[in-house]
Each structure stands twice: as structure tokens, then as C-alpha cells.
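K.L.:
Make a model of this:
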Amino acid sequence: MEVIVIFDIGKYSQKFLLFDSWLNVVHSEEKLNGEVSGDDGFDRKGLEAIEAWMRSCLTAVVKNGKYFIKALNFTACEGSMEQFSNKTILDAAGAGYDLKTGSGIPHSSAALVPYLEGTKEQFILISTGTWCIFMNPFNTEPLTAEQLRGDTLFHISLNQKQVKSSRFFLGHIHDKNVEKLNEYFGIQDELYKTIKIRDLKIWKLLMNKQGRIFFRRGIPGDYVDNEVDMSQFLTFADAYHQMMSDLVDSCMESLRLILPADDKTEVVYVTGSFTRNDTFVRLLAARLPDKRVFTSEINDASALGAAMEVYDDAFGVNIPPVYMGLKAIR
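P.N.:
Numbering: from 1, shown residues only. This next block holds a predicted model:
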């Protein structure tokens, strides 16, 4: 079977994946390693361990004989890209055939590729997790001083176009404050994962003219709002809904930073861990009444994007349709 090899290098784990000509994952391995990198990449010991693991994976596939490697690429977190830019790669372990190699692609750029290939409409991609990353491939306006202060930047997509991006520390802030809610209400487990939000509650939150209750003075340095009066909430769900409404308000501030004055985007795709958070996605969709909002479940989206980058070199035919796992949110 002809395959594309992809190494997906993250801060906490690395994955080894094989994609067939239909871009299905036919083999995958994952190695968890704890946090071994800082903002500017891996330390020497961690880098050497990852390189050894990559060689071991590649050698095993070649010796197995079941797969014929047509191309190889990698994707990594932005801070680590330079360290891996000369690893493609790696000796093909005596494969004895010409191996096409990609130049590597950062996670954020790679995650965009399936959507750029899969839709003809202008869209915004919101990638959720520890960081919530807002990406607009259709905004070419120069960065303003306000956007730079708001942690907005351009990164380059595969077609060498600028993608305006901003970010918010959503996942970390969420988790730290959920701990506070759990402690106050005597909750021992992850109750928030079971919470749904009703239309009437969404309407009440949107109609509230008093502004935020959580984070009235912005996000604290330790990310925990210790000033909010918790006694005003009767239940954990009430407090959680309000907290999420106020976090979505912060997300909207970051989102507005990547919208041009003549914004024409009609579609928003939400990916990542918060797609399973009913409160977050429904509050977000309610704040975007002029757009169609979808959650999108693409397994290993960054690895898939890296495979799509070298697909033509590998197989010389058009990229097949990609399942985007869309679910409309309203």
C-alpha cells in the first residue's frame, strides 16, 4: 500500500501517522512525553529523543514491507518548527527508492488546509483548546496598533497568503476558574462536561445590560477571578453559564481583531476540545447571528493538512474530498 508518512510533534506528545491515497489514516502511533519544550522549542535532550523515535518509526515501517512510502512531511507547534526544518529527514532507513519530502508546516497553518481545500466560501476557523486561535485567511488588511496589542499576527498559509490570527488563553482560564467553582459548590468531578444550556438562558445572558460578572476588570494575572461574589448564584450551572458567557465575551474581542471593516465571511468553523462544550458553542453562535456556525470534527487535522501539502508529489492526482465532520450550531 502506498502511503504518506507524517510526524506530528506537539509539546506533550508526538504522533506517527500513515495516510493512504484516500487520506485515510491506516496506521498511527502516539508517544506521550510530558511537557519537554518551552515557548522557543525543545531542549537538546528532548529533541534528540524525538529524533531517535522518528527514526525508529520510519525504520520499522520500511522493514515491515507492508507499506510503500511515497512522501514524508511533518507538522509541529510554531515554537519548534525551526528545530525540525532540517529533519525531512531523515534517512529513509535504506528504503532504496526516491522519497518525496515536504518542508514541514506549523500546526496552525496545517489545520487550515482541509478547510481551504474543502470549502469555496470565505470562513473563519476557531481552533479551541488550551489556546483559542482565531484565523481569517481572507483578511489582508495591514496589522493595526490595536491588533498588535491584542496579540494578533500574520502567519503564512501553504499558498503563501497571509492569514490574520489572534488568540485567547481560553482553555487554561476556563480550567482554573472551574476549579474555583467546584470548590465553592462542593463538586468533586468534571460536572461542567454534562451541562447543557437552554435557549431561554442564552437569551437572558444576551439581554443582560449590566456587563460581565466574571472578569469585570479583565483577566487577572493568575487567571482566577477571586473578586466575583459567588453567593449570587444558586447552582453550579448558573455560575458556570455566566462564567462561560463572560469568557465568550473575551473570545469575541479576539475574534473582532481579525475581521476587516468590510467583513464578508459567512461561515465559522469551530474545532478542538471545546466543540464538545454545549454552553460554549451555543453562546458563541448566539453572538454571531449573521454567520453560520459549525463545529467540525476532523481527526488529526494538523497531520491531515501536512499530508495534503505533499499529496500531489506523492500521488500526482487531485486531492480526494475530505470529511469535515460538520454540525450546525444554533
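
K.L.:
and residue 213, that's in a helix?
P.N.:
No: Residue 213 is assigned coil when assessed by DSSP: H, G, I helix; E, B strand; the rest coil, not a helix.

K.L.:
For it, grab the count of nearby residues.
P.N.:
Per other C-beta atoms under 10 Å, the neighbour tally for residue 213 reads 17. Backbone N, C-alpha and C define where each C-beta goes, glycine included.

K.L.:
Tell me who's in contact with it.
P.N.:
Applying C-beta atoms under 8 Å, 6 or more residues apart in numbering, we find residue 213 in contact with 228, 232, 242, 246.

K.L.:
my read: residue 260 touches residue 141, true?
P.N.:
Yes: here residue 260 reaches residue 141: they are 5.1 Å apart, a contact under C-beta atoms under 8 Å.

K.L.:
ok, which pair from the contacts of residue 213 is furthest apart?
P.N.:
Using C-beta to C-beta, these span at most 13.5 Å, a distance reached by 232 and 246.

K.L.:
and stretch 293-309, which residues are buried?
P.N.:
293-296, 298, 300-309 (16 or more other C-beta atoms under 10 Å).

K.L.:
Of those, just say which sits nearest to residue 277.
P.N.:
So of the buried residues of stretch 293-309, ranked by how close each gets to residue 277 (C-beta to C-beta), first place is residue 295, at 9.8 Å.

K.L.:
Could you confirm that closest one falls within a helix?
P.N.:
No: read with three-state DSSP, residue 295 is strand and lies in no helix.

K.L.:
my guess is it meets residue 272, correct?
P.N.:
No: between residue 295 and residue 272 there is no contact under C-beta under 8 Å: 9.4 Å.

K.L.:
what are the ranges of the strands in the stretch 1-150 of the chain?
P.N.:
2-9, 13-19, 25-32, 37-38, 41-42, 68-76, 100-101, 105-106, 123-128, 132-136 (DSSP state E, counting those that start in this stretch).

K.L.:
ditto for the stretch 151-300 of the chain
P.N.:
153-156, 162-168, 267-272, 292-296.

K.L.:
for the second one, what is the average pLDDT?
P.N.:
This points to strand 162-168. Averaged across strand 162-168, pLDDT comes to 85.

K.L.:
please begin residue numbering at 55 from this point
P.N.:
Taking 55 as the first residue, the last one we looked at is strand 216-222.

K.L.:
Buried ones in it, by neighbour count?
P.N.:
216-222.

K.L.:
which one of residue 286 and residue 300 has more residues nearby?
P.N.:
residue 300 (21 against 10).

K.L.:
end-to-end on stretch 245-253?
P.N.:
End-to-end distance of stretch 245-253 (C-alpha to C-alpha, to the nearest Å): 20 Å.

K.L.:
Actually, stretch 343-363.
P.N.:
Span of stretch 343-363 from end to end, C-alpha to C-alpha: 34 Å.

K.L.:
what are the C-alpha coordinates of stretch 154-167, in PDB please?
P.N.:
Output of stretch 154-167 as PDB, limited to C-alpha atoms (Å, rounded to 0.1, in the frame of the first residue of the first chain):
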ATOM      1  CA  LYS A 154       9.500  13.000  -1.600                       C
ATOM      2  CA  THR A 155       9.800  15.200   1.400                       C
ATOM      3  CA  GLY A 156       7.900  18.300   2.500                       C
ATOM      4  CA  SER A 157       9.400  21.300   4.200                       C
ATOM      5  CA  GLY A 158       7.200  21.000   7.300                       C
ATOM      6  CA  ILE A 159       4.200  23.100   8.300                       C
ATOM      7  CA  PRO A 160       3.200  24.700  11.600                       C
ATOM      8  CA  HIS A 161       0.200  23.300  13.400                       C
ATOM      9  CA  SER A 162      -2.000  26.400  12.900                       C
ATOM     10  CA  SER A 163      -1.200  26.500   9.100                       C
ATOM     11  CA  ALA A 164      -1.700  22.800   8.700                       C
ATOM     12  CA  ALA A 165      -5.100  22.900  10.500                       C
ATOM     13  CA  LEU A 166      -6.300  25.400   7.900                       C
ATOM     14  CA  VAL A 167      -5.500  23.200   4.900                       C
END
